[in-house]
Structure formats: structure tokens, C-alpha cells
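Trainee: Here is a sequence with its predicted model. Questions after.
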Amino acid sequence: MGSLNAWAQVGQARFWQSWLAASPCSADTLGRVHALLYADGLRQGIHQVYERLKRNKALPDLYGLGVVVLDGHESHATYLRHCSGCLQRTIHGEQGDRLQFYHRQVTLLLLPGAPPGREPVRLLLDQEPQRPGEDEVQTALRLLARVIPAYPRAFTVVLADALYAQAPFFHFLRAHGKHALVVLKDARRDLYQDVAGLFHHVAPQPGRYRSRQCSWWDFPDLLSWPQVQTPVRVVRSLESYAVCRQLDQREHPQSSDWIWVTTLSPTQVPVEPVVRLGHQRWDIENYGFQELANEWHSDHVFKHDPGAIECFLLVTFLAYNVFHAFLALNVKPAAQKGKTQIFWARLIAAELLEN
């Protein structure tokens, strides 16, 4: 539901009174309680869902690896209200400068493989609010420092965008026995310049990613990043494909050039899984942030309080995980055929309101 007032309008359904064994609380009480909730208790609930699914073999490894993707997301921004957890920035416009308040979190999404005959169950493991005066990578390191002890064997590889191609991020992961796979974009970096020179002298190997014809380069054991105290590996994928334009209904050739830096060695992971993992970094956008905002109203401020914002988001993570686990593992594939996730969500809501 898009707001607490929307809940108040349907909270009188008989289902809730029988389920709660009491009258549902008001919208104001729901916001006030979330501001006082113990966030780590919600995190324990998310961990319990993960633990049950892992024990039931519903979260197999992906390419033989435990994989998570890490990214930051701005949940909302406003010029009107602010709290102690708000970040601030100055927006320059035609009518002058305005001070904008916003909240940003770093989120961790687990990317397991697919059980036999089923879709993979992606799990939102945790999130960490970004604090005033710190950047996204600092927030991510604080998140990982909490998640790694809680999920010691859940993952071995962390996927991230080019912002995380920083020495402290790589050092932290290697110190905890984890690996990084990060987009490499900065042309000013020595590592980028060194491998760019090698591309013209080393012949690529042919490959294929989905329907794309690819040329792959793989350079392990590089020491061109002096700030990182371990050899790194650079993988490049030059991909060719065609796009059919609606204007003329003709296919137009396109190409994309991807470069990743990783601490995974070729003996651990060959080049093809590295390319596939590199592209799956977008899963947190496609299956995480977009769905959370469009279908779960995670970009709505139910109560403008830092504790309430954190707890409402963790409750949403818990609901997201339970819903997708139920849909992927409990609803038979034959019953799911031809039906979208929205259909099942509305069917659940209809049954709740009917009773």
C-alpha cells in the first residue's frame, strides 16, 4: 500500500481482527511504532528466512559461487521536511539555489542459482543508511562489516559498479576472504591505461553472451594498481548485437564495451562466467530497486524519521523475500504459466480483504 492512510482504510477487514486477535492499530500508531522498532530484530527475521531457504536447498550457488551485488540507492528527496538522518545538497535552478534533503541507502542483494525447474530466489539481505559527511563506499564497508559475520558462508564474490573500484574496498574484501568483481571505467587509472595498451597487441577469444557475439580479453596477475596489495585480473567483453527500431522496423547494429577488474583468478572462474557475473550486477536495479519502488512503495516516506525509514525498508525487504520465495517454491510452474507477479500479489490482497 502506498501510505499508512491506505492501510487505515482497509484495516477493518475481518481477516485482520481474526489474525491479530485485536483491533488493528491506527496509521499514526503504525508510524510511531516503526520509529521505535529495534532494527536488528528485523534483520534477524530476514536472516531466518535465508537460513530456512538455505537449509532447504533453495539457494544453490551461481556458477559454483555465492554471489551478492552491492549498490547505493536514493529512496526519496524533498525540499520541505528534514530529519537528523537527512543528507543535504544545493540544487541550482533558474529561480536560485535551493537546499534539498534526501535519504540514501546501500543495499545488498543475494544472487543465487535457480533450483531445478524453478526460478532463482533473489534475497534482499540488508541495507545501511548513508550518514551525513560520508560517501557510498564508506557506507558499504560498514554494511559489509555487519553482514559478513551474520552470513559467513552466504557469498564469496561481491559485484559492484565503477564507484567501488577503490583500494580500501578491495583490501576489506580480501582481508575477510571475499572477492570483488567491479566495473572498470576510469581512463586516468594506471591499470586501465596498461590493459588498454594490451588490447591492441593480444588477440581476443570469441564468445557469446545471450544473443550477442563477443570478443573477450582476459589479463590475470596484473600489478598495475599499486594501491592494491594483491594481483588483480581484468576482463574485457566487446559485444555486438542488433536493435529493431520501431520507427522503421529495421535492425540497427549496436555494440557495447565492458571492462571489469576482479580478484578472482582464471583457475577459480573462467572468463565466460566472469562476463555473465559482470552483467548480473544490473539485477539489483532490475529486480531490486525498480520493483521495490514501483510495486512495494519503498520510495514513499511513511514517517520522516531515520529509525522509521530504516525499519519500514527492512520490513519491505522481509515481505519481498517471503513473497518471492513463496511464488518461486510453493506455486507450481504450471499454475504460474501466463500469470505475472502482479496477478499473484493482487490475488493475495483480494483474499485478505474478502475474509
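Mentor: Great, that's in hand. Numbering: from 1, shown residues only.
Trainee: from the chain's centre, how far out does stretch 165-181 sit?
Mentor: A distance of 18 Å separates the centroid of the chain from that of stretch 165-181, by CA atoms, centre = their mean, to the nearest Å.
Trainee: tell me which residues in it are buried?
Mentor: Across stretch 165-181, burial judged by 16 or more other CB atoms under 10 Å covers Ala165, Gln166, Phe169, Phe170, His171, Phe172, Leu173, Lys178, His179, Ala180, Leu181. For every residue, glycine as well, the C-beta is placed using N, CA and C.
Trainee: With secondary structure added, can I get the residues you listed in JSON lines?
Mentor: JSON lines is the format used below for the buried residues of stretch 165-181 (DSSP: H, G, I helix; E, B strand; the rest coil):
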{"residue": "Ala165", "secondary structure": "coil"}
{"residue": "Gln166", "secondary structure": "coil"}
{"residue": "Phe169", "secondary structure": "helix"}
{"residue": "Phe170", "secondary structure": "helix"}
{"residue": "His171", "secondary structure": "helix"}
{"residue": "Phe172", "secondary structure": "helix"}
{"residue": "Leu173", "secondary structure": "helix"}
{"residue": "Lys178", "secondary structure": "coil"}
{"residue": "His179", "secondary structure": "strand"}
{"residue": "Ala180", "secondary structure": "strand"}
{"residue": "Leu181", "secondary structure": "strand"}
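Trainee: In the helix or strand encompassing Ala349, which residues are buried?
Mentor: Element membership of Ala349, judged by DSSP states H and E, is helix 341-354. Using 16+ other CB under 10 Å as the test for burial, helix 341-354 gives Trp344.
Trainee: what's the weakest-modelled helix or strand in the protein?
Mentor: helix 14-20 (a mean of 79; mean pLDDT, DSSP states H and E).
Trainee: helices and strands around that helix, which ones?
Mentor: helix 341-354 (3 or more CB pairs under 8 Å, 6 or more residues apart in numbering; DSSP states H and E).
Trainee: Just confirm Ala154 contacts Leu110, I think it does.
Mentor: Yes: with contact defined as CB atoms under 8 Å, Ala154 and Leu110 form a contacting pair (6.4 Å).
Trainee: Quickly list what's touching both of those two.
Mentor: Counting by CB atoms under 8 Å, 6 or more residues apart in numbering, the common neighbours of Ala154 and Leu110 are Tyr50, Gly66, Val68, Leu125.
Trainee: Not counting sequence-adjacent ones, nearest residue to the second one?
Mentor: Spelled out, that is Gly66. Phe155 (3.8 Å; CB to CB, 6 or more residues apart in numbering).
Trainee: Doesn't that neighbour belong to a strand?
Mentor: No: under three-state DSSP, Phe155 sits outside any strand and is assigned coil.
Trainee: What's the separation between it and Gln280?
Mentor: Phe155 is 13 Å from Gln280, where distance means CB to CB, to the nearest Å.
Trainee: Next, Leu125: secondary structure please.
Mentor: strand.
Trainee: so what's it closest to, chain neighbours aside?
Mentor: Here the residue nearest Leu125, using CB to CB, 6+ apart, is Leu108, at 4.6 Å.
Trainee: neighbours of that neighbour, just the number please.
Mentor: 26 (other CB atoms under 10 Å).
Trainee: Kindly report the same for the one 5 residues further on.
Mentor: When neighbours are defined as other CB under 10 Å, Gly113 has 15 of them.
Trainee: Need the residues that contact the helix holding Ala349.
Mentor: Val10, Ala13, Phe15, Trp16, Glu295, Phe323, Leu327, Val331, Gln336.
Trainee: What's the per-residue pLDDT of the second one here?
Mentor: I take that to be Ala13. On the pLDDT scale, Ala13 is placed at 75.
Trainee: Excluding residues flanking it in the chain, which one is nearest it?
Mentor: Nearest non-adjacent residue to Ala13, counting by CB to CB, 6+ apart: Leu353, 5.2 Å away.
Trainee: the more surrounded of Ala154 and Leu110?
Mentor: Applying other CB under 10 Å to Ala154 and Leu110 shows that Leu110 carries more neighbours, namely 24 against 21.
Trainee: show me the contacts for the more buried one.
Mentor: By CB under 8 Å, 6+ apart, the contact set of Leu110 is Tyr50, Leu59, Gly66, Val67, Val68, Arg122, Leu123, Leu124, Leu125, Ala154, Phe155.
Trainee: Most neighbours of all these, which one?
Mentor: Leu123 (26 neighbours).
Trainee: what's the distance between the closest residue to it other than its chain neighbours and Ser298?
Mentor: For Leu123, ignoring the flanking residues on the chain, the nearest one in space by CB to CB, 6+ apart is Leu110 at 4.3 Å. Distance, Leu110 to Ser298, using CB to CB: 18 Å.
Trainee: go on, Pro149?
Mentor: In terms of CB to CB, Pro149 sits 26 Å off from Ser298.
Trainee: how many other residues sit next to Val235?
Mentor: As a burial measure, Val235 scores 26 neighbours (other CB under 10 Å).
Trainee: how big is the angle separating the host helix or strand of Phe317 from helix 341-354?
Mentor: Applying DSSP H and E as the criterion places Phe317 in helix 306-329. With axes from the mean of the first three to the mean of the last three CA atoms, to 10 degrees as the basis, helix 306-329 and helix 341-354 are set at 110 degrees to each other.
Trainee: got the buried residues for helix 306-329?
Mentor: Buried-residue list, helix 306-329, by 16+ other CB under 10 Å: 307-318, 320-321, 323-325, 327-328.
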